[in-house]
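Engineer: Generate coordinates for the sequence data below:
(one chain, ligands or ions: 1)
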Amino acid sequence: MLPVEPTRTSILLTCEHAGNTVPPQYRPLFEPHAGLLATHRGYDLGALHLAQTMAEQLGVPLLTTDISRLLVEANRSLHHRHLFSIVTRGLPRQQKEQILQEHYLPHRQMVTAAVQERVDRQWRVVHVAVHSFTPVLEGQVRGAEVGLLYDPTRPGEAGFCRAWRGSLEVALPELRVRMNYPYRGKADGLTTALRRQFADVQYIGIELEVNQRMVTPWDRFRSRWKTSWPVATGGGTEPWTLDSDPDL
Ligand SMILES: [Zn+2]
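Structural biologist: Numbering: from 1, shown residues only. A predicted model of the protein is given here:
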């Protein structure tokens, strides 16, 4: 059966790399790697602050997990070879299973349930997963401040990102905004997993990637950042008119 044309659109924000928390029982494992936890390898610097700002300004829900990606990588699938990091990949199977049950599956299930709940109401979900990336990786300077990651074969995502890039360039002309940069939107991740469950008319999954160089001066952009949204969301005329969900 084809999905029903949605009656309205609901925005949902998530942050998979919000923090670098390591639960007490795993802390001894991290003693030799304490320095790593504070870097981009431990979490996405500034991403939580940005996601909270957006959630506040837009009046939409934000779902986060603050467990360090060095314990388990919340934005990788169960089969991915980097699901566990150099710190945890050598753990016994049973312990890994416990980490998945306690610190990986709850976030994914919560996000999936939130999408499903809205789809069941025949709403279209715009899910923005907020991330940040390191300005220099392996000696390569990244050539953008903002990346919008999406699946180019999904018309809803392509249209949304085109509109958002255009309005970002107007609101924040000093930023370089690039599509599917510094990663491909179709690569393994939470949005990619959700696309398999939900059709284009039901679900738009975007990863917003912001250069960590922006973390400190971010406050400067707060108000103008907000102005990019109504345009990106169609100015009230497109099917993704901005709506908050007081009842969810
Ligand atoms: Zn991330």
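
Engineer: Around the ion, which positions in the chain sit nearby?
Structural biologist: Neighbours of the ion within the chain, by Cβ under 5 Å from the ion: H17, D44, H131. The C-beta positions use only the backbone N, C-alpha and C, and glycine is treated the same way.

Engineer: please redo it, this time with the cut-off set to 6 Å
Structural biologist: Within the chain, the residues that sit near the ion (Cβ under 6 Å from the ion) are E16, H17, D44, N75, H131.

Engineer: any idea how far L149 is from G90?
Structural biologist: Distance, L149 to G90, by Cβ to Cβ, to the nearest Å: 31 Å.

Engineer: Can you pick out the residue with more neighbours from the two?
Structural biologist: Taking other Cβ atoms under 10 Å, L149 and G90 do not tie; L149 has more neighbours (26 against 9).

Engineer: what pLDDT does the more buried one get?
Structural biologist: Here the pLDDT value assigned to L149 is 97.

Engineer: Repeat that for Y26.
Structural biologist: Listed pLDDT for Y26 reads 96.

Engineer: Confirm it sits in a strand?
Structural biologist: No - counting by DSSP: H, G, I helix; E, B strand; the rest coil, Y26 is not part of a strand but helix.

Engineer: What is the burial count for the closest residue in space to it that isn't next to it in sequence?
Structural biologist: The shortest distance from Y26 to any non-neighbouring residue, by Cβ to Cβ, 6 or more residues apart in numbering, is to L71 (6.1 Å). The number of residues packed near L71 is 24, by other Cβ under 10 Å.

Engineer: do L137 as well
Structural biologist: For L137, using other Cβ under 10 Å, the count is 11.

Engineer: For it, list the residues it contacts.
Structural biologist: Contacts for L137 (Cβ atoms under 8 Å, 6 or more residues apart in numbering) come out as P182.

Engineer: Tell me what it is bridged to.
Structural biologist: Beta bridges link L137 to Q140, judged by DSSP bridges.

Engineer: picking that back up, which ones are touching the residue nearest to Y26?
Structural biologist: V22, P23, Y26, S85, V87, T88, I99, H103.

Engineer: what's near enough to touch the first one?
Structural biologist: Each residue near V22 by Cβ under 8 Å, 6+ apart is listed here: L29, F30, L37, I67, S68, L70, L71.
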